[in-house]
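Q: Kindly generate the corresponding structure for this input.
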Amino acid sequence: MTDSPATPTPKSPTPSRIKLGYDIAMMIAISIDLLLIGIDAMLMSDFIQMVAAKLALSDSLMWYQAVLHQPLRTAGGFFTIFLILELLVRWGIAIYTKVYYRWFFFPFVHWYEVLGCAPQLRALRLFRVVVIGKKLYQLGYQVLPQPWLSRIKFYINLLLEELSDRVILTTIQNYRAQLTDPKTQKSIIQSAIGNNRDAIESALLSLLKQELAPKLLQLKATQNQALATDIGKAVETGLSNAPELRRYLKMIPIAGHLIESQLLSVGHSIGENIVTSLSDFFLDPERLEALFAIIARDIASIDTDNAELEALIARLITASLDEFEAQIKVQQWKHQDLLNF
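A: Sure thing, here's the model as predicted:
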C-alpha cells in the first residue's frame, strides 16, 4: 500500500502582510515627504515673506529659513536616494520573479516612480501614494473616509467630463465645418444612397408591407361597403338624371316607368360591383406586394443629384449636430452634485 501524497501546506500569509505593511509605510513616508516639500516651498516663497512682514512674523520666518530649510532639503535628498535604491531593488525582484514579460518593462510600468526620483518632478511621487491607496481600498481597507472618497471620485468625474466635453465639442465644430461644404454633402449623399440602394429598397419594401398593407386591408374591410354604396347611388343618380334615357323610356307606354326603376336598380348594383371588383383586384396581397416592390425600387433609384435632397440632408445633419452638441453641453456633474451632496 503506497503512501498517499502529502497534502500541500497552504502558503503563509506572512509575505503578504509584510508587503502590505511595507506599502503602508511607504505611503506614509512619501506623504510626509511631499507635505514637507510643499510646506518648505511655501515658506520659502516671496508671497509668504510678504505675508510674514505684514503679520510681524519675519523673525520666525527668517529663523526657519536659516535653521530648518537646509536640513529639510538634505533629508529630502537622502529620501530621494532611498527611493532610487528602493526602485532598483524592486526592479531586481521583478526580474528575478519574472513579474513582467520582459525585464525592461518595469520602468515603463512604473514611469511615475522613475520620473518622481528627479527633484524637479517630485510631485509625481503622489501617483505612488494613490496607487498604494487604491490597492489598500481594493483589499477592503478604509484608507480615507467614505465622504472624502465620494468627493474625490466626484471631482475626478467632473474633470474627465469637462475634458471629454471640450474634445467632443471641438470635434463637432470640425465636423460641422466639413459637412456644411456643398461638395462634402454631395459626396455623403452619393456615398450613402448610391452604395446602399439594395438595403434602402429592402427597408422600404419591409416598411410598406408592415405599415401600409394592413391599413389598406383594414380600409377595405371597413370602408369598402360604404364606398360601394356611395358609388352605386352615384350611378343611380346619374342614370335618373340622364334626359335621353327618360325621353326614350317615356316612349314606352305602361312599362316605361317599370323599366326605368329596374334600370336604376341595375345601375346601383353595377356601381357597387365595380367598386368591389376593383377593390378585390388592387388589394390582392400578391398585387400589393408587387406594387410595393415597384415603389420601393423606384424610390431607391432616386437621382442623388437633386438640390432639394441636398438641402434636406444638410438640414438633417445640422439638426443632428445641434442636438448632439446641446446634449454634450449639459453638465451632468452638476446634477450628480445636487443629488449626492
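Q: only C-alpha atoms for contact and neighbour calcs from this point on.
A: Will do.
Q: Next, give phi and psi for residue 124.
A: For residue 124, the backbone dihedrals are phi -70, psi -10 (criterion: degrees, to the nearest 10).
Q: Can you give me the distance of residue 298 to residue 197?
A: 10 Å (Cα to Cα, to the nearest Å).
Q: shaky segments in this protein?
A: Counting by pLDDT under 70, the ranges of the chain that qualify are 1-16, 143, 180, 215-268, 271-272, 275, 277-284, 304, 306, 330-341.
Q: how far out from the middle of the chain is the top helix by length along the chain?
A: What stands out as the longest helix in the chain, according to DSSP state H, is helix 146-179. A distance of 13 Å separates the centroid of the chain from that of helix 146-179, by Cα atoms, centre = their mean, to the nearest Å.
Q: quick one: buried residues of it?
A: 154, 158, 161-162, 165, 168-169, 172, 179 (16 or more other Cα atoms under 10 Å).
Q: what's the closest of those residues to residue 31?
A: Residue 31 has its nearest neighbour among those in residue 154, at 22.3 Å by Cα to Cα.
Q: Return the distance of residue 107 relative to residue 99.
A: Taking Cα to Cα, one finds residue 107 at 13 Å from residue 99.
Q: which ones are touching residue 76?
A: 33, 37 (Cα atoms under 8 Å, 6 or more residues apart in numbering).
Q: tell me the secondary structure for residue 140?
A: Secondary structure for residue 140, judged by DSSP: H, G, I helix; E, B strand; the rest coil, is coil.
Q: Compute the number of surrounding residues for it.
A: 9 (other Cα atoms under 10 Å).
Q: now swap in residue 54 and tell me
A: Neighbour tally, residue 54, other Cα under 10 Å: 10.
Q: Kindly provide the distance from it to residue 99.
A: 57 Å.
Q: same question, residue 153
A: If you go by Cα to Cα, the gap between residue 153 and residue 99 works out to 30 Å.
Q: Next: residue 154.
A: 34 Å.
Q: Likewise for residue 121?
A: Distance from residue 121 to residue 99, by Cα to Cα: 27 Å.
Q: Ok, residue 21 next?
A: Counting by Cα to Cα, the gap from residue 21 to residue 99 is 21 Å.
Q: and if you look at residue 148?
A: Counting by Cα to Cα, the gap from residue 148 to residue 99 is 33 Å.
Q: Next: residue 136.
A: 20 Å.
Q: Ok, residue 307 next?
A: Residue 307 is 64 Å from residue 99, by Cα to Cα.
Q: Looking at these two, which one has more neighbours?
A: Using other Cα under 10 Å, the more surrounded residue of residue 307 and residue 99 is residue 99, with 13 against 10.
Q: For the more buried one, which three-state class applies?
A: Strictly by three-state DSSP, residue 99 counts as coil.
Q: out of everything not next to it in sequence, what's closest to residue 115?
A: residue 121 (6.3 Å; Cα to Cα, 6 or more residues apart in numbering).
Q: wait, isn't that neighbour in contact with residue 113?
A: No: applying Cα atoms under 8 Å, one finds residue 121 not in contact with residue 113, separated by 9.8 Å.
Q: Looking only at neighbour counts, state which of the two leads.
A: residue 113 (21 against 13).
Q: How far does stretch 65-74 sit from its chain's centre?
A: For stretch 65-74 - counting by Cα atoms, centre = their mean - the centre lies 54 Å from the chain centre.
Q: From the rest of the structure, what touches stretch 53-60?
A: 49, 52.
Q: So for it, what gets flagged as buried?
A: So, applying 16+ other Cα under 10 Å, buried residues of stretch 53-60: residue 58.
Q: for the host helix or strand of residue 129, the distance to its chain's centre please.
A: Using DSSP states H and E, residue 129 maps to helix 125-138. In terms of Cα atoms, centre = their mean, the centre of helix 125-138 is set 30 Å apart from its chain centre.
Q: What of stretch 52-72?
A: 55 Å.
Q: helix/strand/coil for residue 303?
A: Residue 303 ends up coil, using three-state DSSP.
Q: tell me the contacts of it?
A: So residue 303 contacts nothing (Cα under 8 Å, 6+ apart).
Q: can you tell me the distance between the two ends of stretch 291-310?
A: 28 Å.
Q: er, stretch 33-53 I mean
A: For stretch 33-53, the end-to-end distance is 28 Å (Cα to Cα).
Q: buried sites along it?
A: In stretch 33-53, counting by 16+ other Cα under 10 Å, buried: 33-34, 37, 40, 43-44, 48-49, 52.
Q: quick one: contacts of stretch 318-328?
A: Taking Cα under 8 Å, 6+ apart as the rule, stretch 318-328 contacts 165, 168-169, 172, 176.
Q: The helix or strand harbouring residue 312 versus helix 146-179: what angle between them?
A: Under DSSP H and E, the secondary-structure element containing residue 312 is helix 307-329. Helix 307-329 and helix 146-179 are oriented at 160 degrees to each other (axes from the mean of the first three to the mean of the last three Cα atoms, to 10 degrees).
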